[in-house]
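K.L.:
What shape does this take:
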Amino acid sequence: MELVHFMVNFFREGGFFLYPLAAIFVIGVAIAIERFIYLTNETTQNRRLWAQVVPLINSGNFKQVVAITSKSKASIATVLNYGIARLASARRRDDVEKAMDESLLEIIPRAEKRTHYLSALANIGMLTGLLGTVIGLIAAFASIAQANPAEKASLLAASISVAMNNTASGLFVAITLLLAHMFLEAKTTKMIDSLEIASVKFMNSVVERRQDVEVGNDDLAAPQPRGRAAHGMA
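P.N.:
Numbers count the residues shown, from 1 in each chain. Predicted coordinates for the structure are as follows:
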């Protein structure tokens, strides 16, 4: 109850600019929570799907991989679908890598969506608090100039309280939203890096399997001794 009473008095004494600051803070926190939930779910789905398809990729069962990834909305499913689709028509590793990089161009904007708003809202919140502080100080000096000497001290204290409340609120909003922005940026970068690592592992597995197939074909194509020469070697 004391906290609620303090918050009510804080807003009552803080003046008009605390209300837009509160709105900025609520919007920023809502964006941060939504992005955190999205990135957490996406990371969990990527890990679960990757663990499921790794044995299939290592065994070269790409049809089963496509059957699994086509039913998933995870980011790693999009990357693998692009790569496997290009495998059917491309023989060079660079072509497949370009296709998988193209899939990242589709995924990265979704992962970074709305996160940049947090830094903008933090700056707006700080400037709004600064504006409230300046308005409070202007009101303080204006009230002192027109007030009776006996009332100047109380009016000055009230106006400075308004100014400091705006300063503190602006700094609180800015610091909170900037920290959320930094955390989400790091989480987004980590998820994108994991997708790039998965694509490299996928390509390495494909190249190794192609090399094994080519070596096997060379062994089958090697000339065998025939006729008397064969019996002589025996």
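
K.L.:
So for the protein, the centremost residue is which one?
P.N.:
Nearest to the mean C-alpha position of the chain, counting by CA atoms, centre = their mean, stands Thr188 at 2.6 Å.

K.L.:
Lowest average confidence across helices and strands of the protein, where is it?
P.N.:
Per-element confidence for the chain was summarised using mean pLDDT, DSSP states H and E. The lowest value among helices and strands belongs to helix 227-233, with a mean of 38.

K.L.:
just checking, the residue nearest to the centre of the chain touches Glu112?
P.N.:
Yes: under the criterion of CB atoms under 8 Å, Thr188 lies in contact with Glu112, with a separation of 5.8 Å. All C-beta spots, glycine's among them, are computed from the backbone N, C-alpha and C.

K.L.:
Run the chain-centre distance for the host helix or strand of Ile31.
P.N.:
Under the criterion of DSSP states H and E, Ile31 resides in helix 18-59. A distance of 7 Å separates the C-alpha centroid of helix 18-59 from that of its chain, computed with CA atoms, centre = their mean, to the nearest Å.

K.L.:
Return stretch 28-47 as PDB; C-alpha atoms alone will do.
P.N.:
Extracted as PDB, the C-alpha positions of stretch 28-47 are listed here (Å, rounded to 0.1, in the frame of the first residue of the first chain):
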ATOM      1  CA  GLY A  28       8.200  -0.200 -24.600                       C
ATOM      2  CA  VAL A  29       7.700  -2.900 -22.000                       C
ATOM      3  CA  ALA A  30       4.900  -4.500 -24.100                       C
ATOM      4  CA  ILE A  31       7.200  -4.600 -27.100                       C
ATOM      5  CA  ALA A  32      10.100  -6.000 -25.000                       C
ATOM      6  CA  ILE A  33       7.800  -8.800 -23.600                       C
ATOM      7  CA  GLU A  34       6.400  -9.700 -27.000                       C
ATOM      8  CA  ARG A  35       9.900  -9.900 -28.600                       C
ATOM      9  CA  PHE A  36      11.200 -11.900 -25.700                       C
ATOM     10  CA  ILE A  37       8.400 -14.500 -26.000                       C
ATOM     11  CA  TYR A  38       8.900 -14.700 -29.800                       C
ATOM     12  CA  LEU A  39      12.700 -15.100 -29.600                       C
ATOM     13  CA  THR A  40      12.400 -17.700 -26.800                       C
ATOM     14  CA  ASN A  41       9.800 -19.800 -28.700                       C
ATOM     15  CA  GLU A  42      11.800 -19.500 -31.900                       C
ATOM     16  CA  THR A  43      15.000 -20.600 -30.300                       C
ATOM     17  CA  THR A  44      13.300 -23.600 -28.600                       C
ATOM     18  CA  GLN A  45      11.600 -24.700 -31.800                       C
ATOM     19  CA  ASN A  46      14.900 -24.400 -33.700                       C
ATOM     20  CA  ARG A  47      16.800 -26.600 -31.200                       C
END
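
K.L.:
Good, wrapping up.
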